[in-house]
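**Student:** the sequence isn't on hand, but the structure is:
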């Protein structure tokens, strides 16, 4: 997809993402640990608005500072060598919506306490240019109004 087509769709896409995020935050106090539910909800809203948003991606989000609490919770579940263990402290399991190679994420700001500078409430960009996003699985998860 060329940049002109992406930019023509970006403004309405960003508006929908921001409105959806705002709505979800009227239903729950925080988006912490809600990235899968919020992504399912956003995907359904986007589908209802004519977007091909059926892919919800499971991946990791790279942070600037370690999330030692989350790391301690899961480190016993898998075996990692020393380099992998150190790297894992800076990655969080995360979900987002992907449309034609674009990341649409309304929950990444939950990691602001682990960042050197704040993340915006809504992130939209080409998956190849957003180096903090690493795809682990891209698969169909039923989009559904969750809130």
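**Tutor:** Structure received. Computed from a prediction, not measured in an experiment: that's the story for all the values here.
**Student:** run through who's touching stretch 34-42.
**Tutor:** By C-beta atoms under 8 Å, 6 or more residues apart in numbering, the residues outside stretch 34-42 that reach it are 17, 20-21, 24, 28, 31, 53, 56, 94-97, 104-107, 110, 141-147. Every residue, glycine included, has its C-beta placed from N, CA and C.
**Student:** avg pLDDT for that stretch?
**Tutor:** For stretch 34-42, mean pLDDT is 96.
**Student:** shaky segments in the protein?
**Tutor:** 1-10, 68, 70-88 (pLDDT under 70).
**Student:** tell me who's in contact with the spatially most central residue of it.
**Tutor:** Compute the mean C-alpha point of the chain, and by C-alpha atoms, centre = their mean the closest residue is residue 96, 3.3 Å away. Contacts for residue 96 (C-beta under 8 Å, 6+ apart) come out as 35, 39, 56-57, 59, 103-105, 107-108, 123, 133.
**Student:** ignoring the adjacent residues along the chain, who's closest to it?
**Tutor:** residue 105 (4.0 Å; C-beta to C-beta, 6 or more residues apart in numbering).
**Student:** ok, now residue 125?
**Tutor:** residue 103 (5.7 Å).
**Student:** cool, and residue 56?
**Tutor:** Residue 56's closest residue in space is residue 141 (C-beta to C-beta, 6+ apart), at 4.3 Å.
**Student:** from what I can see the one you found touches residue 57, true?
**Tutor:** No - taking contacts as C-beta atoms under 8 Å, residue 141 lies outside contact range of residue 57: 9.3 Å.
**Student:** more neighbours: these two, which one.
**Tutor:** Set residue 141 next to residue 57 and count neighbours by other C-beta atoms under 10 Å: residue 57 wins out with 22 against 17.
**Student:** that one contacts residue 99, doesn't it?
**Tutor:** No - between residue 57 and residue 99 there is no contact under C-beta under 8 Å: 10.5 Å.
**Student:** if we ignore the residues flanking it in sequence, what's nearest residue 106?
**Tutor:** Nearest to residue 106 is residue 21, by C-beta to C-beta, 6+ apart, at 4.1 Å.
**Student:** can you count the residues close to that neighbour?
**Tutor:** The burial count for residue 21: 19, using other C-beta under 10 Å.
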